[in-house]
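Visitor: Below: sequence and its predicted model.
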Amino acid sequence: KAGVTQTPRYLIKTRGQQVTLSCSPISGHRSVSWYQQTPGQGLQFLFEYFSETQRNKGNFPGRFSGRQFSNSRSEMNVSTLELGDSALYLCASSLIGGSGTEAFFGQGTRLTVV
Amino acid sequence: SQKIEQNSEALNIQEGKTATLTCNYTNYSPAYLQWYRQDPGRGPVFLLLIRENEKEKRKERLKVTFDTTLKQSLFHITASQPADSATYLCALDSGGGATNKLIFGTGTLLAVQP
């Protein structure tokens, strides 16, 4: 079956702009989590959605937001971009989430803020 | 404060030897711990999961141990091959086992020399 699909793969934005990233989970998976990966901070949890509800949130400012649709597809949005938002944004899907279900990651979206 | 540390940033070993990677954590009580492999430019790939009530888990050439008293997990690759060269990440559950909020270590870059 198809894996987790993230679009776009690469993005270049200017400071102050906003950006929307998309994630299509594996068919049947209901939990979608988002992570930010940078060389300095590693992989950091942004938020998790399950059945269209945000179930968990990491320690990121309110400029980072997300949502999940009824078909489990998810989007994350970053408003008022800053240079420090340049990172690889990864989406992971799981069958139900919790109880140690494995997470399947997409290839990521490489965001560069100039 | 809560911390997850992977003891080595980089580990170089000879082909055929056993690679041992360490993951230590403080101020967490994870219900489970996972290990992932990440290749450059790609998302992490799930390898193994071990629960708090398990001491050891094996899968082919991989072995994971979990000591909740020492707050440590060891990840072993036996008979290592150059194809095993990658960054290995440990991740623990910080959602009490009920959600998919994974906290990742900074990773260990393993290089297996032929």
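Guide: That came through, no problem. On a predicted model such as this, the values are computed, not experimentally measured, just so you know. Numbers count the residues shown, from 1 in each chain, chains lettered A, B, ... in the order given.

Visitor: For chain A, which residue gets nearest to chain B?
Guide: The nearest approach of chain A to chain B comes at A:Phe105, 3.2 Å away (CB to the nearest CB). Every residue, glycine included, has its C-beta placed from N, CA and C.

Visitor: now that residue: how far from A:Leu11?
Guide: 18 Å (CB to CB, to the nearest Å).

Visitor: quick one, which of the two is more surrounded?
Guide: The residue with more neighbours, out of A:Phe105 and A:Leu11, is A:Phe105; 22 against 16, by other CB atoms under 10 Å in any protein chain shown.

Visitor: Any residue of the least confident helix or strand in chain A by mean pLDDT touching chain B?
Guide: Confidence across the helices and strands of chain A bottoms out at strand A:53-57, with a mean of 91, counting by mean pLDDT, DSSP states H and E. Yes: legend: contact between strand A:53-57 and chain B by CB under 8 Å from any CB of the partner chain is shown at A:Arg55, A:Asn56.

Visitor: which residues of the chain score low on pLDDT?
Guide: In the absence of a named chain, chain A is used. Scanning chain A for pLDDT under 70 picks out the ranges A:1, A:97-100.

Visitor: hmm, I had chain B in mind actually
Guide: In chain B (pLDDT under 70), the answer is B:95-99.

Visitor: For the residue of it found nearest chain A, which non-adjacent residue is spatially closest?
Guide: Chain A sits closest to B:Gly43 of chain B, with a gap of 3.2 Å, by CB to the nearest CB. Of all residues not flanking B:Gly43 in the chain, A:Phe105 sits nearest, at 3.2 Å (CB to CB, 6 or more residues apart in numbering or on different chains).

Visitor: what's the burial count for the residue of chain B closest to chain A?
Guide: B:Gly43: 23 surrounding residues under other CB under 10 Å.
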